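1. sequence unknown, structure follows:
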């Protein structure tokens, strides 16, 4: 088993007045040659967006983009004609494919938005752009790792253009999980939103992350008061 631990305080950072961001991987003006990507996981940004501010219209192509609001709201609009507002307990995916322009904005006049934005390299390039979003209740995530994204289209989850499985869990009691990678050669990336986790011989606290690879399975111990994101992703970029 190979593990890569990143403590919350060791992440990259950017402060732009309207945006306070923490970067798990090299992004924008933050560059760390040891933190370029983890397999197909290219970006994990922890953004605080000030009221009535956001990202203006900008392009993306050939990237799978996942937005997970933790607090507040995020309004989005894109060149395919899609638009709407998402908030906590909702997840949005965008397969940028051949190219799309979009904007993301905090519509509130008073409340800060906290957002996780995640980018994955795609399995297939130059597909038609598409969006998807879904709501997952706290009760669905209670004391379990709920599958919110996987590669197969179906009911009860989102799908994207990669052999990746995403899980969210909210735990109010101590829980032990034996996790098996969904595909041979995949690795897993754990991000502790809140609380405390032990995995791969490491202790993680709020906003710490751990990449686990070169193993078929591993054990996770989750303490009460924990919110956990687990991403099971290919380690080879196509």
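-> Sure thing, it's come through. Please read these numbers as outputs of a predicted model, since none were measured by experiment.
2. And residue 117, how far from residue 146?
-> Separation of residue 117 from residue 146 (Cβ to Cβ, to the nearest Å): 20 Å. (Glycine included, C-beta is placed from N, CA and C.)
3. Between the two, which is the more surrounded one?
-> residue 117 (20 against 17; other Cβ atoms under 10 Å).
4. looking at the chain, which residue lies furthest from center?
-> residue 109 (25.8 Å; Cα atoms, centre = their mean).
5. That one against residue 52, yeah?
-> Yes - between residue 109 and residue 52 there is a contact under Cβ atoms under 8 Å: 5.6 Å.
6. burial of residue 205, as a residue count?
-> 14.
7. and residue 9, how far is that from residue 208?
-> For residue 9 relative to residue 208 (Cβ to Cβ), the value is 9 Å.
8. neighbour-wise, which of the two wins?
-> It is residue 208, of residue 9 and residue 208, that has more neighbours when counted by other Cβ under 10 Å, with 20 against 9.
9. I'd say the more buried one and residue 7 touch.
-> Yes - counting by Cβ under 8 Å, residue 208 touches residue 7, with 5.4 Å between them.
10. host element of the residue nearest in space to the middle of the chain?
-> Nearest to the mean C-alpha position of the chain, by Cα atoms, centre = their mean, lies residue 118 at 4.2 Å. Using DSSP states H and E, residue 118 maps to strand 113-120.
11. Mind giving me the packing neighbours of that strand?
-> strand 41-49, strand 64-71, strand 73-78, strand 226-234 (3 or more Cβ pairs under 8 Å, 6 or more residues apart in numbering; DSSP states H and E).
12. can you tell which of these is closest to residue 179?
-> strand 226-234 (7.2 Å; Cβ to Cβ).
13. Okay, buried residues for the closest one please.
-> Buried residues in strand 226-234, counted by 16 or more other Cβ atoms under 10 Å: 226-234.
14. Switch those residues over to JSON lines; also include distance to residue 95 and pLDDT.
-> Shown next, in JSON lines, are the buried residues of strand 226-234 (distance: Cβ to Cβ, whole Å; pLDDT from 0 to 100):
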{"residue": "226", "distance to residue 95": "30", "pLDDT": "98"}
{"residue": "227", "distance to residue 95": "26", "pLDDT": "98"}
{"residue": "228", "distance to residue 95": "25", "pLDDT": "98"}
{"residue": "229", "distance to residue 95": "20", "pLDDT": "98"}
{"residue": "230", "distance to residue 95": "21", "pLDDT": "98"}
{"residue": "231", "distance to residue 95": "16", "pLDDT": "98"}
{"residue": "232", "distance to residue 95": "18", "pLDDT": "98"}
{"residue": "233", "distance to residue 95": "15", "pLDDT": "98"}
{"residue": "234", "distance to residue 95": "16", "pLDDT": "98"}
